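>>> Give me a model of this one.
(one chain, ligands or ions: 2)
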Amino acid sequence: MKQVILEQPGRLVLADGPPPGPPGPDEALVRVRSVGVCGTDFHAFKGDQPFFTYPRILGHELSAELIAAPNAVDVGLKTGDRCAVEPYLECGRCVACRRGRTNCCAKLEVLGIHVDGGMREIIKVPLRKLHRSESLSFEQLALVETLSIGAHAVGRAGLEPGETALVVGTGPIGLAVIQSAQPLGARLLATDVNEARLEFCRRQMGVEHTFATGASAEEALRDATRGEMPTVVFEATGNPASMERSFGFVASGGKLVLVGLCQSKIAFFDPEFHRREMTLLSSRNALAADFKRVLSAVEAGTLDTRPWITHRASLADLAAALPSWIDPGAGVLKAMVEV
Ligand SMILES: [Zn+2]
Ligand SMILES: [Zn+2]
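Ligands and ions are numbered 1, 2, ... in the order given. Next up is the predicted model:
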């Protein structure tokens, strides 16, 4: 069985490996078909992803075809079904899991990050992690994880029609937030330091109002909101300075949702936070319900996946292709590996 192993930072190797053993009662054997590559994979490759251990088979944005599962019929699946794979393996027993918050399980293991992932031909996963679609392509199904992270963040915010929401940072996570927020009828604004990305937002994602995150960002925002500022701000850069600055973008009574994460402390000025009685939220991963919601939206055509995939490679070519995708000049939005 072909697999691509990240042996150590900078060393990605195509190798032969043993296929997984037969699936247990709650498991499924699946043939991996498409794998999306994202910033986490790039950080792991560069060696600056904290707490990451090597060697590791990457791949957490997966679509697959069901090969075998003893109890497939119990969950309405059959051999040959096309599925998105939810890569979050929760313990099922911790305080978060018992309250349905499996996305932030205290012992969470994510495929391709904490345990070996899907950059290989065949993988064994818990049966309940398969989300089937009859109509979507494997590439669309491999986008569902990224899109679900946006859907989860929008759910955390409780976004309502008529609200004005700002998305700070228009990389993949910011765009996923935008696409989940749009059908809700909120007024969306987007900001980024990169003008090409903002242009993409306007042309491909239909965001009418964008502005550069320069020195006058607060002023631009005040102009665009008749002085009121957005009631929800989604921070999707993971840049500490941007995260701190985003506190100042929020309306009185509004919410700040930190979707991007950073590896340091961030600080805010408490009197301003209290004066506006702000709500501060983090958003991590996604729930099974988010996967289902995104699948339905893509199937219904209310969530358009066409702008997403900019680069492709086969599993055999991945070791050569991945380093070139890291360069910001390569213009990668989403690179897709065909297995
Ligand atoms: Zn990812
Ligand atoms: Zn748990």
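>>> ok, whatever helix or strand Leu188 lives in: who's next to it in the sheet?
Secondary structure from DSSP states H and E places Leu188 in strand 187-192. Strands that pair with strand 187-192, judged by DSSP bridges, come out as strand 164-168 (parallel), strand 209-212 (parallel).
>>> Out of these, flag the one nearest Gly155.
Checking these against Gly155 by CB to CB gives strand 164-168 as the closest, at 13.0 Å. Yep, even glycine has a C-beta here, placed from its N, CA and C like the rest.
>>> And the pLDDT at Gln263?
Model confidence at Gln263, given as pLDDT, is 89.
>>> next one: the one 3 residues further on
According to the per-residue confidence, Ile266 scores 97 in pLDDT.
>>> For the residue nearest to Ile67 when sequence neighbours are not counted, which three-state class applies?
Among residues not flanking Ile67 along the chain, Leu29 sits closest, at 4.6 Å (CB to CB, 6 or more residues apart in numbering). Under DSSP: H, G, I helix; E, B strand; the rest coil, Leu29 falls in the strand class.
>>> begin at 6 from here
I'll keep to 6 as the first residue from here, and by that count the last item is Leu34.
>>> give the contact list for Ser288.
Contacts of Ser288 were listed using CB atoms under 8 Å, 6 or more residues apart in numbering, and they are 154, 157-158, 161, 262-264.
>>> ok, now with 10 Å
Residues in contact with Ser288 (CB atoms under 10 Å, 6 or more residues apart in numbering) are 108-109, 154-162, 178, 182, 239-241, 262-266.
>>> quick one: low-confidence parts of this structure?
In the prediction, the chain carries no residues with pLDDT under 70.
>>> quick one: buried residues of stretch 89-100?
Residues of stretch 89-100 classed as buried: 89-95, 99 (neighbour count, 16 or more other CB atoms under 10 Å).
>>> ah, wrong one, I meant stretch 34-41
By neighbour count on 16+ other CB under 10 Å, the buried set for stretch 34-41 is 34-35, 37-41.
>>> Equivalent analysis for stretch 121-135, please.
Neighbour counts over stretch 121-135 (16+ other CB under 10 Å) mark 121-125, 127-132, 134-135 as buried.
>>> Please apply the same query to stretch 23-32.
Residues 25, 28, 32 are the ones in stretch 23-32 that count as buried (16+ other CB under 10 Å).
>>> who in the chain is up against ligand 2?
95-96, 99, 102, 110 (CB under 5 Å from the ion).
>>> now with 6 Å?
Taking CB under 6 Å from the ion as the contact definition, the chain meets ligand 2 at 95-96, 98-99, 101-102, 110-112.
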